[in-house]
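Asks: After the sequence you'll find the predicted model.
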Protein chains: 2
Amino acid sequence: MAGNMSKQAPVGDCVDDGLEEVVFDVFARGCPSRPTMEHVTGRWGGLVLVALADGDMRFNALRRRVDGISEKMLAQALHALERDGLVVREVRQAIPPKVEYRLTEFGGGVVERLSGLIEFIEGNMAGVLDAQERYDTAKAAEADGV
Amino acid sequence: MAGNMSKQAPVGDCVDDGLEEVVFDVFARGCPSRPTMEHVTGRWGGLVLVALADGDMRFNALRRRVDGISEKMLAQALHALERDGLVVREVRQAIPPKVEYRLTEFGGGVVERLSGLIEFIEGNMAGVLDAQERYDTAKAAEADGV
DNA sequence: CAGCATCCAAGTTGATACTG
DNA sequence: CAGTATCAACTTGGATGCTG
């Protein structure tokens, strides 16, 4: 494709042309780390990734594992993840077709950190539920007492 | 609001009535950990949270820090985060008004893990950019050669 | 099985304007 | 300053039907 001169992607506010040190910063609006971050943490990407930590999986197995995801969203998530180099798609020619998805090393690193986060949140959900209740009660009282 | 009987929120597939052990599971469709997870990892929530790790911050300071966020989205993110008990909103009566946002202990724990993830991703972005390039090239070739 | 294409409803977002 | 209200534009997601 045209306009593909080595690595100097046009990247907003967080990277330069390769002569100086490159710094990526999710806080910067145009930084390519933002989309990647979104693929990883978005509604489905993270769940797909973590599901793959249990071992390689096929399309429909993933679909079952990630409760509530639609075909379309799963395909979309897998594409994004594959493009970012987090997941590898492996086709086994056969009938019926067999396609497996596997984490790359980078993907594995992401999953480690991500599942740490998930476990931490799951482990604190009781407190979250309490906080929500308090918040809602306070809001209701406020709406009343005004 | 009506229908608020103690803690047995109607929570899909991952929690019961308090007599047995409660297990939260982000993979389950109706689990309340999912929304919370989304607030933390969503487009803005995570950035707001991590921004607050630098110290307490006021509304407009946050707005400047999180490049590209709109007023509306910031307010929305802060509400969700506050409701989940990740952030505290502190009002200082004065003119002009002064409102500060601060991480709770739980919020701090989340941020630790989240920023680990962010740093890992930022640190691997060079590889991601390469992967994307390879992916796009392969796709282009495929679209051609077919 | 794996997955793309299309359509459409519903939700999300951002700009703008306004309030306390 | 710290928000809320409103509206139009855009995006998302899911259901359905079809292909290899």
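Replies: Ah, there it is.
Asks: contacts, neighbours, all on C-alpha from now
Replies: Noted.
Asks: mind checking how far the residue of chain A at minimum distance from DNA strand C is from B:C31?
Replies: Per C-alpha to the nearest atom of the strand, A:N60 is where chain A lies closest to DNA strand C, at 3.7 Å. Using C-alpha to C-alpha, to the nearest Å, A:N60 is found at 22 Å from B:C31.
Asks: More neighbours: which of these two?
Replies: More neighbours surround B:C31 than the other of A:N60 and B:C31, with 20 against 13 (other C-alpha atoms under 10 Å in any protein chain shown).
Asks: Checking my notes, that one in a strand, right?
Replies: No: applying DSSP: H, G, I helix; E, B strand; the rest coil, one finds B:C31 to be coil, outside a strand.
Asks: any chance you could read off phi and psi for it?
Replies: Dihedral angles of B:C31 (phi, psi; degrees, to the nearest 10) stand at phi -70, psi 130.
Asks: pLDDT score for A:A28?
Replies: A:A28 carries a pLDDT value of 88.
Asks: Please apply the same query to A:A94.
Replies: For A:A94, pLDDT reads 79.
Asks: now A:T36
Replies: For A:T36, the predicted pLDDT is 94.
Asks: before we move on, what SS does it have?
Replies: A:T36 is classified as helix under three-state DSSP.
Asks: what about the strand or helix carrying A:R64 and DNA strand D, touching?
Replies: Here A:R64 sits within helix A:59-65, counting by DSSP states H and E. No: Helix A:59-65 lies apart from DNA strand D when judged by C-alpha under 7 Å from any atom of the strand; the minimum separation is 10.9 Å.
Asks: export that helix as CSV, just CAs?
Replies: C-alpha atoms of helix A:59-65 as CSV (Å, rounded to 0.1, in the frame of the first residue of the first chain):
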residue,chain,number,x,y,z
PHE,A,59,-14.6,-19.7,17.8
ASN,A,60,-17.7,-21.2,19.2
ALA,A,61,-16.0,-22.4,22.4
LEU,A,62,-15.1,-18.7,23.0
ARG,A,63,-18.6,-17.7,22.2
ARG,A,64,-19.9,-20.0,24.9
ARG,A,65,-17.4,-19.0,27.4
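Asks: quick one: average pLDDT of whatever helix or strand comes next after it?
Replies: Counting by DSSP H and E, the next helix or strand C-terminal to helix A:59-65 is helix A:71-83. Regarding helix A:71-83, the rounded mean pLDDT is 95.
Asks: Can you work out which other helices and strands pack against helix A:71-83?
Replies: Packing partners of helix A:71-83 (3 or more C-alpha pairs under 8 Å, 6 or more residues apart in numbering or on different chains; DSSP states H and E): helix A:33-41, helix A:45-52, strand A:87-92, helix B:125-145.
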